[in-house]
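> Any chance you can model this:
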Amino acid sequence: MDWTIQLLINLMLSFCGFIATIRAVPKMGHLFIKANLCGIDMSKKESKKIPEAMGIVCGCIYLIVVFIFIPVPFGTYIVFNQEGFPHEKENNTSASGGGCSPYVLAASSGAFVELLAALLSICCMLLLGFADDVLELKWRHKLLLPTVASLPLLMVYFVTYNGTTIIVPKPLRFLVGYSLNLGPLYYVYMGMLAVFCTNAINILAGVNGLEVGQSVVIAASLLAHNVAELGGPLRDTHLFSLYLLLPFIGVSLALLYHNWYPSAAFVGDTYCYFAGMTFAVIGILGHFSKTMLLFFLPQIANFVYSVPQLFHFVPCPRHRLPRYDRKTDRLHMSTSTFRMSSLRWPGRLALRLGHAVGVVHLTESGGMTTCNNLTIINLLLKLAGPLHERRVTQALLAIQVMCSCLAFVIRYPLASLFYDV
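Below you'll find the model as predicted:
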């Protein structure tokens with residue numbers, strides 16, 4: 001079966017996933033409320049119970065869609081080639097004769113194993129994310145969970161590919177040469193990538209539509225990148241990415257419909273972990289993890305800005321949501337109060353430097369210091385003043401889109417400054 005037909009079938013199944021999710025979320029909501037998996041939206045005037053952790057519905061439908069799709073690229077080859085999957089060496093030489101095109105994903109048994117490992121990692125992260133929503137795990141557990149969930153993916157990568165050599169950027173080649181074999185450090189990097197992707201989305205959250213919205217923008221950016229590369233020599237890997245990406249976009253758009261202001265469903269940590277692991281899987285198995293990180297520029301900025309609180313150099317409340325003013329129906333930056341003298345020197349230095357460049361709000365009164373919570377949501381409210389919740393989400397997603405445009409400029413026009421293209 002031609003790869004374009006496979007892609008079309010995947011697109012149709014993704015649309016079915018969209019329809020299933022958009023119908024399932026409101027129908028399942030009352031079950032979550034009955035199980036006490038619900039919360040009150042603290043940025044609304046009315047106090048209404050809203051189901052939480054609805055990312056589990058989205059994630060389960062995603063897995064079902066991909067499971068249904070598996071026979072399309074892989075079953076067809078087995079039917080028409082009774083000997084089963086050919087060896088990798090045969091795959092690389094089948095273009096000139098009969099058999100399967102080298103660009104058909106089904107021609108690689110390694111690709112089949114990689115797909116199963118990818119789904120296993122996503123499924124594990126979905127389960128662990130739901131456990132986090134139910135049990136409210138501590139931050140150290142949030143760092144451990146993605147590492148554990150990524151192990152099947154890393155083991156399969158080791159068995160099927162095991163490529164740990166990177167191309168060194170031009171400005172650094174006089175130091176280490178054209179390429180550098182990182183060995184085990186490359187696997188450490190991939191494990192850290194999974195940890196970053198899952199938690200980066202999770203800490204940039206707190207207003208209606210933001211978690212799913214940023215994930216949809218990142219996914220759309222990855223979609224554009226994969227489509228642009230389909231004519232290149234790595235068509236197989238980009239097809240693999242598209243097969244996982246299109247169903248994700250379908251179910252995420254449906255969840256965004258219900259999570260947009262005013263939200264009728266909270267996505268919970270489950271969706272953040274599910275989305276982050278999906279991106280990590282796509283970047284690792286698609287062999288474009290550096291490009292993927294370019295689409296995470298706002299999340300990287302938010303992480304760097306949050307470091308003093310995340311590493312407890314500065315007191316960090318469990319929830320750093322913006323403060324809601326019922327009278328004006330506007331969000332204000334939230335703050336933390338503490339004694340500056342009680343902080344270690346990295347915390348004091350970070351706050352003083354941030355205040356000097358205008359990105360940290362500091363006030364002192366009666367020996368107590370008050371600073372804004374260190375997220376770019378609160379930074380936006382500091383710079384722009386109080387905003388309606390819908391405007392906050394729109395502004396942050398607009399920043400996400402602009403950063404994606406910048407990422408494409410870095411990846412294509414400017415890439416020749418660093419690599420041979």
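
> per-domain residue ranges of this protein.
Domain segmentation of the chain under automatic domain parsing yields 3-295, 310-396.

> Determine which of those shows the lowest mean per-residue pLDDT.
For the domains of the chain, mean pLDDT drops lowest on domain 3-295, to a mean of 85.

> quick one, what contacts the residue lying closest to Gly177 once chain neighbours are set aside?
Distances taken as C-beta to C-beta, 6 or more residues apart in numbering put Val168 closest to Gly177, at 6.6 Å, once the chain neighbours are dropped. The C-beta positions use only the backbone N, C-alpha and C, and glycine is treated the same way. Counting by C-beta atoms under 8 Å, 6 or more residues apart in numbering, Val168 touches Val176, Gly177, Tyr178, Ser179, Leu180.

> ranking those by neighbours, who comes first?
Counting neighbours by other C-beta atoms under 10 Å, Leu180 leads the contacts of Val168 with 17 neighbours.

> My reading is that it is in a strand; is that accurate?
Yes: counting by DSSP: H, G, I helix; E, B strand; the rest coil, Leu180 falls inside a strand.

> That one against Pro169, yeah?
No: contact criterion C-beta atoms under 8 Å: Leu180 and Pro169 do not qualify, at 10.5 Å.

> ok, residues contacting stretch 142-158?
113-114, 116-118, 120-121, 124-125, 128-129, 132, 137, 187, 190-191, 194-195, 197-199, 202, 269, 273, 276-277, 280-281, 284-285.

> do that again at 7 Å, thanks
113-114, 117-118, 120-121, 124-125, 128, 132, 187, 190-191, 194-195, 198-199, 277, 280-281, 284 (C-beta atoms under 7 Å, 6 or more residues apart in numbering).

> Any of these buried? List them.
Among these, those classed as buried by neighbour count (16 or more other C-beta atoms under 10 Å) are 114, 117-118, 120-121, 124-125, 128, 132, 187, 190-191, 194-195, 198-199, 277, 280-281, 284.

> Among those, which ones are in strands?
Per DSSP state E, strands hold no members of these.

> what sits against the most centrally placed residue in the chain?
Nearest residue to the geometric centre of the chain (C-alpha atoms, centre = their mean): Gly276, 3.0 Å. Neighbouring residues of Gly276 by C-beta under 7 Å, 6+ apart: Cys197, Thr198, Ala200, Ile201.

> Also Leu285?
For Leu285, counting by C-beta under 7 Å, 6+ apart, the contacting residues are Glu114, Ala118, Phe240.

> Repeat that for Ile218.
Contact analysis of Ile218 by C-beta under 7 Å, 6+ apart lists Phe279, Phe295, Phe296.

> Most neighbours among those residues, which one is it?
Going by other C-beta under 10 Å, Phe279 tops the contacts of Ile218 with 29 neighbours.

> Helix or strand for the closest residue to Thr21 other than its chain neighbours, just tell me which one.
Closest residue to Thr21 apart from its sequence neighbours, by C-beta to C-beta, 6+ apart: Ala254 at 3.5 Å. Under the criterion of DSSP states H and E, Ala254 resides in helix 235-259.

> For Thr335, see how far away the residue of the chain most remote from its centre is.
Residue farthest from the centre of the chain, counting by C-alpha atoms, centre = their mean, is Gly366 at 42.7 Å. For Gly366, the distance to Thr335 equals 15 Å [C-beta to C-beta, to the nearest Å].

> Over to Thr363?
On the measure of C-beta to C-beta, Thr363 and Thr335 end up 9 Å apart.

> so what sits against both of the two?
Thr370.

> Give me the more crowded residue out of the two.
More neighbours surround Thr335 than the other of Thr363 and Thr335, with 18 against 12 (other C-beta under 10 Å).

> Now do the same contact list for the residue nearest to that one when sequence neighbours are not counted.
What sits nearest to Thr335 in space, not counting adjacent residues and going by C-beta to C-beta, 6+ apart, is Thr370, at 5.0 Å. Residues counted as contacts of Thr370 (C-beta under 7 Å, 6+ apart) are Thr335, Thr337, Thr363.

> 10 Å instead, please
Counting by C-beta atoms under 10 Å, 6 or more residues apart in numbering, Thr370 touches Thr335, Ser336, Thr337, Phe338, His361, Leu362, Thr363, Glu364.
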